[in-house]
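**Student:** sequence? don't have it. structure:
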Ligand SMILES: Cc1cc2nc3c(=O)[nH]c(=O)nc-3n(C[C@H](O)[C@H](O)[C@H](O)COP(=O)(O)O)c2cc1C
């Protein structure tokens, strides 16, 4: 058993959070993660148009799904970038779901916001008693803003992670200790973590737990397409690339789509791109279609969001097998550590 402050905060057995992986549905994965004693996250959904479902409605359905498929605690991820115009409605649904049902209130413990300013959602989240708020930070500058916004924790996510990345390009092994040193609020390490070595290293760097995305995709319980999982398993550490996504730079596995996609633009060009997107939301929809393709299993034409850590993933276990293995490994590493010191 490895109990940390994170276990106490979230009411879980193991200090492991499953990362939000919108725009895909992760309700089934989240239930499996919570059932295995870690912390499952419902993602900010938004892929597929047939029939059109609104993301707030989808959040309501997913909360219901979690209530029916696990007795464990769980949380949600909401992307709060300016372009994410549905974020306030999705957050409102989370707050109201907790007001409507005391059991939801007891078990829906955390909102992880990301990709934007944490201040506005922080005000809303504070109005819901007992609801914790973590925000994702890709650099020390951003982490300081998370603390100043009054968040309960910061998820320090390094550049090697899967999916959208910031312009700052700070890797996990630099980011986590600098944020731990500078902040008073708890830090969760994320980006490039897939096993007990990653958990033990994160605790050593001062984090109170880990968050993993890519590793959880390659599990039997994850609802993602089998082709997605197999693609991760056969990839190596140099098989990801960064391109310009709808919300900024994004890390994808190399394939026909990503190798011909536009390279990341600089921050200034990004402002223009964002204005264009606001003016014509069709552009955003085109981007989301690339996500829809991979959800249907097209590993060549789709945007395969994935971290560098794919190179270290070699199997597709159940979530429970994975979590038990991570804890066992981390315990062994921590116990063996003193023997490594030559006295
Ligand atoms: C398929 C996929 C989708 C993602 N979608 C989101 C998202 O909607 N919101 C978010 O904050 N982060 C998103 N991320 C980033 C993860 O939350 C997390 O930061 C990342 O997976 C950590 O790195 P790792 O993949 O090496 O574990 C996504 C990552 C992946 C792989």
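**Tutor:** Yep, that arrived. Given the structure is predicted, the values throughout are model-derived calculations rather than measurements.
**Student:** which residues does whichever residue of the stretch 151-300 of the chain sits closest to the ligand contact?
**Tutor:** Residue nearest to the ligand within the stretch 151-300 of the chain: residue 213 (2.1 Å; C-beta to the nearest ligand atom). All C-beta spots, glycine's among them, are computed from the backbone N, C-alpha and C. When contacts are counted by C-beta atoms under 8 Å, 6 or more residues apart in numbering, residue 213 touches 18, 19, 20, 21, 161, 162, 163, 190, 307.
**Student:** look up how far residue 114 lies from it.
**Tutor:** Going from residue 213 to residue 114 by C-beta to C-beta, to the nearest Å gives 11 Å.
**Student:** and if you look at residue 203?
**Tutor:** Computed as C-beta to C-beta, the residue 203 to residue 114 distance reads 23 Å.
**Student:** settle it for me: which of these two has more neighbours?
**Tutor:** Counting neighbours by other C-beta atoms under 10 Å for residue 203 and for residue 114 shows that residue 114 has the greater number, 25 against 19.
**Student:** what about the closest residue to that one other than its chain neighbours, how many residues close to it?
**Tutor:** Spatial nearest neighbour of residue 114, excluding adjacent residues (C-beta to C-beta, 6 or more residues apart in numbering): residue 136 at 3.9 Å. Residues within reach of residue 136, counting by other C-beta under 10 Å, total 29.
**Student:** quick one: residue 136 is in a helix?
**Tutor:** No - Residue 136: not assigned to a helix; according to DSSP: H, G, I helix; E, B strand; the rest coil it is strand.
**Student:** for it, name its beta-bridge partners.
**Tutor:** residue 155 (DSSP bridges).
**Student:** buried ones in stretch 168-183, by neighbour count?
**Tutor:** Neighbour-count burial for stretch 168-183, counted by 16 or more other C-beta atoms under 10 Å, picks out 170, 172, 175, 176, 177, 178, 179, 180, 183.
**Student:** low pLDDT regions in the stretch 1-150 of the chain?
**Tutor:** The stretch 1-150 of the chain contains residues with pLDDT under 70 at 48-52.
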